[in-house]
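1. structure for the following, please:
(2 chains)
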Amino acid sequence: DQQVKQNSPSLSVQEGRISILNCDYTNSMFDYFLWYKKYPAEGPTFLISISSIKDKNEDGRFTVFLNKSAKHLSLHIVPSQPGDSAVYFCAAYNTDKLIFGTGTRLQVFP
Amino acid sequence: DAGVIQSPRHEVTEMGQEVTLRCKPISGHDYLFWYRQTMMRGLELLIYFNNNVPIDDSGMPEDRFSAKMPNASFSTLKIQPSEPRDSAVYFCASSLRRRPTYEQYFGPGTRLTVT
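-> Here you go, the predicted structure:
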């Protein structure tokens, strides 16, 4: 049973526009959420995180929003750049371990 | 720091053979995780260690899979015997629990192909 779900396997966005990646979770006990970015032939790298006591966290072009009542989080990238093309994983923290979603492949085209 | 090191980067083997994947975590990190990435299931946690002790192996798919961490700087994931459905990318990650972000640092992965 997938506790963390990314229902969109892929997303294509034009350079300069906003990219919005979505993630849903089922366990209300999760208290910390992270986004990871993965390029081909590399391991995932940490991008941004948010605690459950917040509803927004911003880092440069990247903003993560958390809606606890809906058990939903999203990652906004503004403006999108070709170098942002990668697979993005959301993850939820639960007692020492991270539970990952299946990933969304973002393609940013010129 | 060199980051998390995994070897080999690619492994091609025949069904029934034993496969051993290796990982060197970042020095000083006290948690080590083994993941498997597939298209259908994304990143699955197989097992993790804290201070070299296995804590949770509930993600290990079958008895054919085993993992060890003999010391703080080395871990292995072994598959014996291997099957074609084990073909995937296997990642090792390490972390320092005391960091507030719960961030994990991943190695580059081992792409395993079982024919």
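2. tell me the residues on chain A that lie near chain B, please.
-> Taking C-beta under 8 Å from any C-beta of the partner chain as the contact definition, chain A meets chain B at A:6, A:32, A:34, A:36, A:41-46, A:49, A:89, A:91, A:93, A:96-103. For glycine as for every other residue, the C-beta is placed from the backbone atoms N, C-alpha and C.
3. which ones among those residues are found in strands?
-> A:32, A:34, A:36, A:45-46, A:49, A:89, A:91, A:93, A:97-100 (DSSP state E).
4. which stretches of chain B form strands?
-> So, for chain B - with DSSP E - the strands run B:5-7, B:10-13, B:19-24, B:31-38, B:42-50, B:53-56, B:65-71, B:74-79, B:88-95, B:105-106, B:110-114.
5. so which of the ones you listed comes closest to residue A:62?
-> Across the strands of chain B, residue A:62 has its closest neighbour in strand B:105-106 (18.6 Å, C-beta to C-beta).
6. where does chain B dip in pLDDT?
-> Chain B contains residues with pLDDT under 70 at B:1, B:98-101.
7. so in terms of bridging, what pairs with the residue nearest the centre of it?
-> Centre of chain B computed as the mean C-alpha position; nearest residue by C-alpha atoms, centre = their mean is residue B:34, 3.0 Å away. Residue B:34 forms beta bridges with residue B:47, residue B:92, as assigned by DSSP bridges.
8. doesn't residue B:94 make contact with it?
-> No: at 10.6 Å, residue B:34 and residue B:94 do not qualify as touching, with contact defined as C-beta atoms under 8 Å.
9. ok, residue B:65 - contacts?
-> Going by C-beta atoms under 8 Å, 6 or more residues apart in numbering or on different chains, residue B:65 touches B:46, B:77, B:78, B:79.
10. distance check, residue A:108 against chain B.
-> Distance, residue A:108 to chain B, by C-beta to the nearest C-beta, to the nearest Å: 21 Å.
11. that residue: neighbouring residues, count only.
-> Per other C-beta atoms under 10 Å in any protein chain shown, the neighbour tally for residue A:108 reads 21.
12. write down the beta-bridge partners of it, one by one.
-> Beta-bridge pairing for residue A:108 (DSSP bridges): residue A:13.
13. interface residues of chain B facing chain A?
-> B:4, B:31, B:33, B:35, B:40-45, B:48, B:50, B:55-56, B:91, B:93, B:97, B:101-109.
14. just the buried ones from the residues of chain A next to chain B?
-> Applying 16 or more other C-beta atoms under 10 Å in any protein chain shown to the residues of chain A next to chain B, the neighbour count classes A:6, A:32, A:34, A:36, A:43-44, A:46, A:49, A:89, A:91, A:93, A:97-103 as buried.
15. the bottom helix or strand of chain A by mean pLDDT?
-> Counting by mean pLDDT, DSSP states H and E, chain A has its least confident helix or strand at strand A:97-100, which shows a mean of 89.
16. what does that one contact?
-> A:3-4, A:30, A:34, A:36, A:89-92, B:33, B:35, B:42-45, B:48, B:56, B:102, B:104.
17. among the residues you listed, name the buried ones.
-> Neighbour counting by 16+ other C-beta under 10 Å classes A:4, A:30, A:34, A:36, A:89-92, B:33, B:35, B:42-45, B:48, B:56, B:102, B:104 among these as buried.
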